[in-house]
Structures are given as C-alpha cells and as structure tokens.
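Student: Sequence first, then the predicted structure, then my questions.
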Amino acid sequence: MQKTIERIAALRAAMKQAGVQAYIIPSSDPHLSEYTPAHWRTREYFSGFTGSAGTLAVTETKSGLWTDGRYFIQAEHQLEGSGIRLFRIGVSGVPTVVEFLREELKAGDTVGIDGSLFSAADARRMECLLGEKNIGLKQIDLVADIWTDRPPIPRTEVFLHSPKYAGMTCAQKLAVVRKELNSRGADAQIYARLDCVAWLMNLRADDVENSPFPLAYAAVLPDSAYLFIDTSRVPQEVMENLTENGVAVRGYDEIGEFLRTMPEGITVLADPAGMNEKLYDILKENKAILVRDGIDIVTELKSIKNETEIQGFRTAHIRDGCAMVEAFAELESRLNAGKTVTEWDVCELLEEARRRQPGNHGLSFDTIAAYRENAAMMHYAPKPESCKTLERSGLLLVDSGGQYVDATTDITRTFALGPVTREEKECYTWVLKCHIALATAVFQEGCTGGNIDILCREPLWKHGIDYRCGTGHGVGTFGSVHEGPQNLRMNNKTILRPGMTITNEPGVYQEGKFGIRTENLMIVQEAYENEYGRFLKFETVTVFPIDIAPVLPELLTEEELNWLNCYNRHVLETLSPFLSGRELDWLTRHTQPLKS
C-alpha cells in the first residue's frame with residue numbers, strides 16, 4: 001500500500017506542475033485492448049488493483065477507482081489502506097467517473113487524460129459532459145516521467161494464421177471489407193483494435209498475454225492496404241505473404257504520418273469507439289479527406305464465423321474436453337490418495353494438459369480455480385504463495401480456456417469435492433436451470449443480446465438472486481476470449497445472427513461463502529422458418545461433463561433433467577473414442593444419468 005500512496009502523491013505533484021486539477025487513468029492501451037501488455041498497465045501501477053477492468057481518477061485531494069461487479073470483492077481487498085475509494089459500477093446511487101469529477105471540480109478547472117488510452121467516443125463524451133460545468137479536458141501524458149522502470153513494449157515474432165483455419169485468405173478478407181465500405185459510401189477505414197488487425201491480415205503473435213495478437217494498425221483503401229508494425233519482428237515468409245495478398249508494410253510509428261497524408265478526396269469511415277482519441281484527432285485534422293463516423297466493419301464481419309471457423313470450434317472443443325478430462329482425472333487421483341492439492345495446482349494441471357493437445361497455443365486467459373468463498377470473486381486469480389488447499393467438501397469453481405490454431409475455448413465448471421450444504425445445492429440447481437433455459441432457447445430473428453439475456457436470469461430472479469455481470473460474450477477464432485459486438489447483457493443491442501459465438505454462463509456469488517458458475521460456448525444457428533418468420537437457436541460446442549453431485553433433481557422439470565442427461569451422454573459419446581484407461585474411467589463415471 002505504501003507504494004500506491006507514494007505513486008498517487010507523485011501523480012498529484014505532476015498534476016500541479018501541469019496545471020490540471022484531476023487526472024483519469026483507464027485500463028487500456030493505444031489499441032483499446034481489454035487485456036493490455038505490461039507496458040500499459042498504468043492503472044494497476046498507480047492503484048494496486050490488478051483486475052482487467054477499472055478506471056482510476058485522482059483529484060488534488062481525493063482518488064477513486066471504478067470497476068464492475070466481477071471485481072467488487074477483489075478491488076475492496078486490494079484498495080484497502082491505499083486512500084483510494086472504491087466506486088461500484090452499476091450499483092444504485094454510485095456516480096460515474098465524470099459525475100464524480102463534475103461534483104469535485106469547479107468551473108475553470110482542467111481534467112488531464114492521455115488521449116492515446118481513450119477511445120475518441122469516450123473522450124468526446126467526457127469533453128461534452130465536463131464542458132457543461134465549464135471544466136476543460138486536456139490531453140497530456142503525466143505517467144512517463146513517473147513510471148521510469150515500466151516494462152518494454154513487446155515485439156514477439158509474427159506468424160501466419162493459415163486460411164486452413166481462418167477459412168479465407170487476407171486478400172479475400174480485404175475484398176469483402178472493400179465491398180462493405182463501398183455499400184456504405186466510403187473508400188477507406190483504419191483499424192486499431194488488435195483482434196481486428198490480426199483477423200484481417202491473418203497474422204498472430206504473442207504481444208498480449210493469452211491473446212495471440214501483434215501490436216499493429218491496419219488501413220484499407222480502394223486499391224491498397226497497409227500494415228503498421230515493427231518490421232524487425234516480421235519474418236521474410238510473412239512479408240512475402242502480405243505482399244502476395246496486396247498489403248504494404250510500414251513501421252509501427254508511421255501510422256500518425258500516414259493519417260496526416262492520406263490521399264486527397266477519399267471518404268474514411270471512422271469508428272470513434274474503435275480508435276483512440278489521439279489518432280482520431282490526427283485523422284480529423286487532415287482537411288484533404290472526408291471523415292465520416294460509422295461502424296468498424298471488421299468487428300462486424302469477424303463476429304459471424306464462416307463454416308471453416310465453425311468446424312474449427314467443434315474440433316478444438318473436443319481436444320479441449322480431452323485435456324479437461326485428463327486434468328480432472330489426475331486431480332481426483334491426487335485427492336483420493338490424500339495428497340495436498342491447492343487451487344494453484346489445479347491451474348497447473350489444466351495448463352499442462354492443454355499444452356499436450358495438438359494445435360494448442362497456450363491459455364486464452366489466466367485460469368480461475370476458486371475454492372469455497374474464493375469463488376465469490378468472479379475473477380479471482382490464485383497465486384502459488386497464497387491460495388487455498390482443497391478439502392473433500394465444498395464447491396470448487398474452475399473457469400479456464402485454451403488457445404488453439406482453429407479456435408479459442410472458454411469453459412466453467414463447479415464441482416462438489418464432497419458434502420455441500422443445502423443452500424449450495426439449491427443455488428447450483430438454479431444456476432443449472434438458467435443454463436438450460438438459454439441452451440434450449442428458440443428465438444425469432446432480430447432478437448438482440450439484451451432480449452435473450454432475460455431468458456437466462458429468470459430462474460434466479462424468482463428467488464431474488466441476480467449476478468452483476470453479463471450472461472455471455474462472443475469468442476474469437478484463435479483470437480480474443482471476449483469478442484464483440486455480440487454479448488448477452490441487458491443493454492446490448494447487437495442482433496444475434498447465425499454463425500455468432502456466445503457463451504452461456506449464469507452464476508451465483510455469495511460473498512464469504514461460495515461461488516457457482518456453469519459455462520458452455522454456443523454458436524447461433526437457424527432453427528426453422530414459418531409464416532411467423534425465421535427462428536434461431538443455439539448449438540452447444542463445449543464437451544465436458546456437468547457435475548450432477550450438487551444437483552437437487554426435484555427442482556428440475558422433466559425436460560431439464562432430460563437435457564442434462566442427454567448433454568452428459570453426448571459428452572461421453574464424443575470424447576470416449578479419444579480416451580482410455582484412467583481418463584476414460586473418469587469420464588464414464590462422471591457422465592452417468594441423474595435419476596429423478
């Protein structure tokens with residue numbers, strides 16, 4: 001905590017010298033990434049809070065950190081004694097960052113931000129709201145001179161993502177993008193999001209932990225395309241492939257000059273939510289071009305998987321399921337032998353098992369292995385030096401996933417390690433009912449993620465319980481484990497379309513007691529069409545048993561019980577040809593039907 005206090009003091013001194021009365025630090029990098037390389041973990045450096053989502057605001061006398069329901073418990077612990085107040089996003093009566101600053105500052109004051117870490121949309125929104133109180137917004141970097149020992153910018157070697165798994169060449173993707181731009185009356189678009197650049201160029205790297213992306217920008221024009229990247233880390237074969245696909249390669253730092261000198265007379269479709277404020281300003285200052293705000297076309301295109309990608313999800317999840325069986329068979333063996341097993345051991349077992357699978361490229365996020373009350377923290381991260389030892393009682397929640405050349409996986413299971421309480425069984429069964437309600441949903445074409453979210457929450461709402469997070473999110477193809485624009489959240493307005501991926505992960509989180517979540521990955525599919533229109537459904541592609549030990553069968557309907565038994569039988573039939581010995585025995589025992 002002392003380091004946090006000292007760093008906040010240093011920031012306040014820099015603020016005073018720069019003439020700003022407040023400073024905002026988001027959880028972002030110049031590409032607006034969810035998971036940022038260590039070089040840009042500025043909010044973590046100054047606050048001590050390690051969660052992936054949060055915003056720090058510091059005034060001359062006060063400081064606050066805003067985060068969502070996934071991190072309330074974690075943030076409360078990590079901020080204790082720092083002098084930083086926790087603001088719980090989404091809780092009634094809690095002000096937003098801007099509302100807090102409007103209350104704390106006076107007319108004529110100035111708020112500082114590093115424009116490269118905020119989307120243009122967020123910066124403009126803040127500028128407008130602060131301006132109503134005659135409070136200014138100034139782009140200034142106050143971090144560089146304070147954080148002098150920050151990690152270097154990563155520059156791992158770039159490699160190709162084969163059309164064998166992507167389903168399309170880079171040239172084919174560029175052609176589709178140009179067609180979409182033309183249909184919207186535009187000539188060009190700039191891409192700053194790392195997952196968009198990686199998808200468009202069929203490139204991967206290891207610049208971001210657990211996300212296979214290179215730090216790069218891309219630009220698509222009517223007759224040319226550009227990749228802006230540190231060229232020293234691009235092998236010759238990759239350079240040749242890009243050239244063959246019509247892509248010219250420029251230096252990473254050349255993006256700004258490129259935007260200043262774009263060809264005269266073209267119309268650029270710019271997504272203010274997908275480009276940082278610094279680059280957006282450069283683009284708007286170029287009077288030779290017309291800049292029109294609009295959607296990020298690549299984000300929209302890659303959200304709908306082609307047939308090659310869909311098949312990749314199916315096959316990757318079979319391998320992932322086999323890895324999970326291997327890991328949990330070993331876990332069971334150790335527990336039965338009376339060996340000491342910790343949460344961290346579970347993480348290592350899963351990582352080792354996944355790395356033995358063909359086509360694996362590591363994890364898709366840091367594994368969450370949370371025992372008993374630790375599972376109430378939705379994004380709890382065990383450490384080898386400070387984690388719980390498992391016992392033969394209570395619930396263990398494990399949320400994990402892998403990166404494979406043909407897909408990205410994300411799965412959560414909650415296991416009874418022995419006797420559990422009646423309350424735990426009830427909550428586990430209610431969560432299962434929520435999961436089944438979504439897995440079996442049939443809905444009319446045109447429904448959004450917000451429309452569908454309610455189907456999953458209703459069984460918990462009946463008991464006055466809710467979870468402070470979304471119900472599901474999109475998942476990329478050897479890409480981001482959290483991919484948009486689709487997600488299952490009450491305020492999401494993205495229409496669900498065939499080919500979209502979405503997770504199904506309701507949960508219950510009782511602070512100080514337990515946490516429960518059951519998560520599978522699904523793909524939106526056509527169901528049928530009749531005189532009322534076109535209807536859609538979900539295909540579940542995750543294949544790993546759902547634990548029946550904590551289930552209260554009397555709380556399930558006959559249809560729900562049948563779904564559970566059919567799902568576990570499907571897992572057995574799908575995985576058993578690839579398993580033998582101890583693993584096959586474990587799978588067989590854990591897919592036995594539940595009796596009513």
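Tutor: Perfect, I can see it now.

Student: only C-alpha atoms for contact and neighbour calcs from this point on.
Tutor: Noted.

Student: Which secondary structure element of the protein has the lowest mean pLDDT?
Tutor: Least confident helix or strand, the chain: helix 72-79 with a mean of 88, by mean pLDDT, DSSP states H and E.

Student: Using CSV, list the CA coordinates for it.
Tutor: Only the C-alpha atoms of helix 72-79 are listed here, as CSV (Å, rounded to 0.1, in the frame of the first residue of the first chain):
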residue,chain,number,x,y,z
PHE,A,72,-16.1,-5.7,-6.3
ILE,A,73,-14.6,-8.1,-3.7
GLN,A,74,-11.1,-8.2,-5.2
ALA,A,75,-11.0,-4.4,-5.5
GLU,A,76,-12.1,-3.9,-2.0
HIS,A,77,-9.3,-6.1,-0.7
GLN,A,78,-6.6,-4.6,-3.0
LEU,A,79,-7.5,-1.0,-2.3
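
Student: Now do the helix or strand that comes right after that helix: which elements does it pack against?
Tutor: Using DSSP states H and E, the helix or strand that follows helix 72-79 in sequence is strand 85-88. Helices and strands touching strand 85-88, by 3 or more C-alpha pairs under 8 Å, 6 or more residues apart in numbering; DSSP states H and E, are strand 63-67, helix 72-79.

Student: quick one, the longest one and strand 63-67 angle?
Tutor: If you take axes from the mean of the first three to the mean of the last three C-alpha atoms, to 10 degrees, helix 72-79 sits at 150 degrees to strand 63-67.

Student: which residues touch helix 72-79?
Tutor: Identification of contacts with helix 72-79 by C-alpha atoms under 8 Å, 6 or more residues apart in numbering yields 1, 47-49, 51, 67, 85-86, 88, 376-377, 380, 511.

Student: longest helix of this structure?
Tutor: For the chain, the helix that runs over the most residues, judged by DSSP state H, is helix 307-336.

Student: which helices and strands does that helix pack with?
Tutor: Partner elements for helix 307-336 (3+ C-alpha pairs under 8 Å, 6+ apart): helix 163-166, helix 343-355, strand 407-408, helix 558-575, helix 581-589.

Student: and of those, who's closest to Thr540?
Tutor: helix 558-575 (9.3 Å; C-alpha to C-alpha).

Student: for that closest one, packing partners?
Tutor: Counting contacts by 3+ C-alpha pairs under 8 Å, 6+ apart, helix 558-575 packs against helix 307-336, helix 422-439.

Student: Around Cys128, how many other residues sit close by?
Tutor: Other residues within reach of Cys128, judged by other C-alpha atoms under 10 Å, total 15.

Student: again with Leu269
Tutor: For Leu269, using other C-alpha under 10 Å, the count is 22.

Student: hang on, it packs against Gln189?
Tutor: Yes - counting by C-alpha atoms under 8 Å, Leu269 does reach Gln189; the two are 5.2 Å apart.

Student: got any residues that touch both of the two?
Tutor: With C-alpha under 8 Å, 6+ apart as the test, Leu269 and Gln189 both reach Leu181.

Student: chain center to the least confident helix or strand of the chain: distance?
Tutor: Taking C-alpha atoms, centre = their mean, to the nearest Å, one finds the center of helix 72-79 at 20 Å from the center of the full chain.

Student: Likewise for stretch 21-37?
Tutor: Using C-alpha atoms, centre = their mean, the offset of stretch 21-37 from its chain centre is 15 Å.

Student: Check stretch 355-372 too.
Tutor: That offset, for stretch 355-372, works out to 15 Å (C-alpha atoms, centre = their mean).

Student: any residues touching that stretch, and which ones?
Tutor: 209-211, 319-320, 323, 343-344, 346-347, 351, 354, 375, 379-382, 388, 390, 394-406, 408-410, 480-481, 513-515.

Student: same question, stretch 233-240
Tutor: Arg155, Thr156, Glu157, Val158, Phe159, Leu160, Val249.

Student: What of stretch 582-596?
Tutor: 325-326, 329, 545-548, 553-554, 561, 565, 568-569, 571-572, 576.

Student: Could you list the buried residues of it?
Tutor: By neighbour count on 16 or more other C-alpha atoms under 10 Å, the buried set for stretch 582-596 is Glu583, Leu584, Trp586, Leu587, Thr588, His590, Thr591, Pro593, Leu594.

Student: Stretch 234-253 too?
Tutor: Buried, per 16+ other C-alpha under 10 Å, within stretch 234-253: Val234, Met239, Asn241, Leu242, Asn245, Gly246, Val247, Ala248, Val249, Arg250, Tyr252.

Student: next one: stretch 351-362
Tutor: In stretch 351-362, counting by 16+ other C-alpha under 10 Å, buried: Glu351, Ala353, Arg354, Arg355, Gln357, Asn360, His361, Gly362.

Student: next one: stretch 157-164
Tutor: For stretch 157-164, by 16+ other C-alpha under 10 Å, it's Glu157, Val158, Phe159, Leu160, His161.

Student: Stretch 498-506 too?
Tutor: Pro498, Gly499, Met500, Thr501, Ile502, Thr503, Asn504, Glu505, Pro506.

Student: Likewise for stretch 124-139?
Tutor: Result for stretch 124-139 [16+ other C-alpha under 10 Å]: buried residues Met126, Glu127, Leu130, Gly131, Asn134, Ile135, Gly136, Leu137.

Student: In helices only, show me these.
Tutor: Met126, Glu127, Leu130, Gly131.

Student: so which strand or helix has the spatially closest residue to Ile24 that is not a sequence neighbour?
Tutor: Of all residues not flanking Ile24 in the chain, Ala57 sits nearest, at 4.5 Å (C-alpha to C-alpha, 6 or more residues apart in numbering). Taking DSSP H and E as the definition, Ala57 sits inside strand 55-59.

Student: The stretch 201-350 of the chain: helices as residue ranges?
Tutor: 236-244, 255-260, 277-285, 297-302, 307-336, 343-355 (DSSP state H, counting those that start in this stretch).

Student: closest one to Ala22 among these?
Tutor: helix 277-285 (18.4 Å).

Student: tell me how far that closest one is from the chain's mean position?
Tutor: Worked out by C-alpha atoms, centre = their mean, helix 277-285 lies 27 Å from the chain centre.

Student: Over to stretch 309-327?
Tutor: A distance of 19 Å separates the centroid of the chain from that of stretch 309-327, by C-alpha atoms, centre = their mean.

Student: again, but for stretch 104-112
Tutor: 33 Å.

Student: mean confidence score for that stretch?
Tutor: Taken as a whole, stretch 104-112 has a mean pLDDT of 96.

Student: now stretch 261-270
Tutor: Averaging pLDDT along stretch 261-270 yields 94.

Student: Between its first and last residues, how far does it reach?
Tutor: 16 Å (C-alpha to C-alpha, to the nearest Å).

Student: Mind pulling the model confidence for Glu254?
Tutor: For Glu254, the model assigns a pLDDT of 97.

Student: So for it, what's the nearest residue that isn't a sequence neighbour?
Tutor: Phe228 (6.8 Å).

Student: Ok, Gln2 next?
Tutor: Ser82 (7.4 Å).

Student: Sitting in helices, which of the buried residues of stretch 157-164 do you find?
Tutor: Per DSSP H, these never map to helices.

Student: how does this protein divide into domains?
Tutor: Residue ranges for each domain of the chain read 2-139, 159-301, 307-589, as given by automatic domain parsing.

Student: I'd like the distance between the residue lying closest to Thr342 once chain neighbours are set aside and Asp453.
Tutor: Excluding its sequence neighbours, the residue lying closest to Thr342 (C-alpha to C-alpha, 6+ apart) is Thr389, at 4.2 Å. In this view, Thr389 and Asp453 are 35 Å apart by C-alpha to C-alpha.

Student: Same check on Val541?
Tutor: 19 Å.

Student: Spit out the contact partners of the closest residue to Met500 other than its chain neighbours.
Tutor: Excluding the flanking residues, the one nearest Met500 by C-alpha to C-alpha, 6+ apart is Ile304, at 4.7 Å. By C-alpha under 8 Å, 6+ apart, the contact set of Ile304 is Arg497, Pro498, Gly499, Met500, Thr501.
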